[in-house]
Each structure stands twice: as C-alpha cells, then as structure tokens.
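> any chance you could fold what I've pasted below:
(one chain, ligands or ions: 2)
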Amino acid sequence: MAVHQITNQDEFTRLTTTDAGDKLIVLYFHTIWAEPCKQMGEVYSAISDEPSNKDVSFLSIDADSNSEIAELFEISAVPYFVLIQKGTILKELSGADPKEFINLLDECKKFIENKGANAPKPEEDTEEAEGESEEEVFARLTKLVNAAPVMLFMKGTPSEPKCGFSRQLVGILREHQVRFGFFDILRDDAIRQSLKKFSDWPTFPQLYINGEFQGGLDIIKESLEDDTEFFQHTIQQ
Ligand SMILES: N[C@@H](CCC(=O)N[C@@H](CS)C(=O)NCC(=O)O)C(=O)O
Ligand code: FES
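Ligands and ions are numbered 1, 2, ... in the order given. Presented below is the predicted three-dimensional model:
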C-alpha cells in the first residue's frame, strides 16, 4: 500500500476514523527542512510497498503545514511516528532509525493479530521509565543531539516557538537557510533538566552541530558576527 500524503485535517479525520476500521495506521510526521526526514521518507515509502504491510495504512503528514494535527499528537520532534488502531495510540517513535521503526511496526502487527495475547500492551514503554539513571539519560541525550546534523533544543516548535529567545534562533537558522532538526524541551522535563547538565549550559535555546554543543542565542549571534559563514564552516567540519 502506498503512502498517503495528508493535505488537510478533514482528510486526516476521515482516514483515521470513518475509513479506518480495525486497520493499523501509521502516522509519519516530517518537515521539508529536516534532513533526516528525507531519507526516512524513502525508507517509509519502501516499507509501505511491502506485501506483508498491505493491511497497514501509511499516512505522511507535514508537521509544519498541518500544525493542528501535529499539536493533537504533541509532536515535539521530527521525524516522528505514531502507530494507532481504533483511535488508540499503540506506539510512538522519535527519530530516523529504520530498524527501530520496522521493529515497532512488527510489534504492533503482532499485537493486532494476537488481539493482545502475547504482544506488548499499547503504550507499554512510551513513557520514560521511572528512576532512569543519569548514565541512561545521557545515553539518550547523545542520540538526541545527533538526531540531525543541526539540532535545535528549543521551547515550542519552529512553527510555534513558545519563547522569544527560541523564536529568534529559529529565525536566524531560517535566514541562513540551515536545515535543522528540533526538540521541544517543554514536552519533556527530564530532557529539559538533564540537557542543562549534559551541555553544561543553563538555558534554552541550545544549538548542536554534528553532535557538538555550540551555544545559546547570544553565542550563536556572536559566532555569526565573527564569521558570517559560521554555519557553513561548522557544519562542514
Ligand atoms: N541569553 C540567553 C537567553 C536564553 C534564556 O535566558 N533562556 C531562559 C528563559 S527562556 C531559560 O531557558 N531558562 C531555563 C529554563 O527555562 O529551563 C541565550 O543567549 O540563549
Ligand atoms: S520562556 Fe520566558 S523568557 Fe523564555
């Protein structure tokens, strides 16, 4: 089954309710500016064409032009996958790891086939485990800061920043035509607090390039004053 590109909320509602039946539905949230989304989009399309996935409905949603839908699912980073059935979220996955996505898809297919008998329960491990050690959180952060060559940790989303400092840095990145992934730290307090330690920086926004912390808004502004091609030079390194 091919990927269905969602163009508006009414179409989305129809495909996920009246037309959905008992089908497993995959929502793939992406943006045109996030580099990891490009590759993942191709993988997603190939997966959707596999005969074993003929009963699965694959939807593709541009999180920027469908901000109401993205809000509904509290999408705080792209690429992001939500697997739903009969109006229930079974699993969610953040990031562009095809293997992880395929595993999750298989788990959900099994869950539906077995009607839940031996399969993981919906939402089983989407919440962070309690008592996660600092080492585990830092391992998660290492992955997260490397989720895209340029990663912005901000308050809100690029289309709806929730603070002027974050808004300014989004503006600067766009002005310099830098493609970036983002993470909305307001959605995850554990990440918000531990990233301060991880980066040894007390505030947001925080910008990472190639997995290395570059600074907050003022530092990035200064870096651009020193070198107008700061982004090009740092990304290429
Ligand atoms: N001058 C700072 C401005 C950023 C800032 O002061 N951020 C504050 C308010 S948005 C912050 O993140 N505080 C910690 C928090 O909210 O967790 C910069 O250059 O980035
Ligand atoms: S949220 Fe208050 S200054 Fe950023």
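> can you pull out the strands in this protein?
Under the criterion DSSP state E, the chain contains strands at 4-5, 24-30, 56-62, 80-85, 88-94, 150-154, 181-184, 206-209, 212-215.
> ligand 2 is nearest to which of the ones you listed?
Minimum separation from ligand 2 across the strands of the chain (C-beta to the nearest ligand atom) falls at strand 150-154, 9.9 Å. Yep, even glycine has a C-beta here, placed from its N, CA and C like the rest.
> tell me the pLDDT of the closest residue to residue 162 other than its chain neighbours.
Spatial nearest neighbour of residue 162, chain neighbours left out: residue 156 (3.2 Å); criterion: C-beta to C-beta, 6 or more residues apart in numbering. The predicted local distance difference test score for residue 156 is 88.
> which residues does residue 156 contact?
162, 163, 166, 167, 184, 186 (C-beta atoms under 8 Å, 6 or more residues apart in numbering).
> okay, and the beta partners of it?
As for beta bridges, residue 156 partners with residue 161 under DSSP bridges.
> burial count for the residue lying closest to residue 86 once chain neighbours are set aside?
Leaving out its chain neighbours, the residue that sits closest to residue 86 by C-beta to C-beta, 6+ apart is residue 22, at 6.3 Å. Residue crowding around residue 22 was assessed by other C-beta atoms under 10 Å; the count is 8.
> surely residue 22 and residue 88 touch.
No - using C-beta atoms under 8 Å, residue 22 is not in contact with residue 88, being 11.3 Å away.
> how much space between residue 7 and ligand 1?
To ligand 1, residue 7 is 35 Å away according to C-beta to the nearest ligand atom, to the nearest Å.
> out of the contacts of residue 156, grab the one that's most surrounded.
For the contacts of residue 156, neighbours tallied by other C-beta under 10 Å; top is residue 166, 26 neighbours.
> for ligand 2, what's the nearest residue on the protein?
residue 163 (3.1 Å).
> list the contacts for that residue?
154, 155, 156, 204.
> number of residues surrounding the nearest residue to residue 112 once chain neighbours are set aside?
Using C-beta to C-beta, 6+ apart and skipping residues adjacent in sequence, the residue nearest residue 112 is residue 24, 5.7 Å away. Residue 24 has 21 neighbours, counted by other C-beta under 10 Å.
> circling back to that earlier point, now for the contacts of residue 163, which pair is the farthest apart?
Maximum pairwise distance in the contacts of residue 163, criterion C-beta to C-beta, is 10.0 Å, between 156 and 204.
> elements contacting the biggest helix by length in the chain?
Criterion DSSP state H: the longest helix present in the chain is helix 98-113. Helix 98-113 is packed against strand 24-30, helix 35-48, strand 80-85, strand 88-94, with contacts defined by 3 or more C-beta pairs under 8 Å, 6 or more residues apart in numbering; DSSP states H and E.
> least confident of the ones you listed, on average?
Minimum mean pLDDT among the helices and strands packed on helix 98-113: helix 35-48, a mean of 85.
> domain ranges for the chain?
4-116, 147-236 (the TED database).
> hang on, the earlier thing: deepest-packed of the helices and strands packed on helix 98-113, please.
strand 24-30 (a mean of 24; mean count of other C-beta atoms under 10 Å).
> hey, C-alpha coordinates of that strand in PDB?
In PDB, the C-alpha atoms belonging to strand 24-30 read as follows (Å, rounded to 0.1, in the frame of the first residue of the first chain):
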ATOM      1  CA  LEU A  24      -3.300  -0.400  11.900                       C
ATOM      2  CA  ILE A  25      -2.500   3.200  10.900                       C
ATOM      3  CA  VAL A  26       1.000   4.700  10.900                       C
ATOM      4  CA  LEU A  27       1.300   8.400  11.100                       C
ATOM      5  CA  TYR A  28       4.700   9.700   9.900                       C
ATOM      6  CA  PHE A  29       5.300  13.300  10.900                       C
ATOM      7  CA  HIS A  30       8.100  15.100   9.000                       C
END
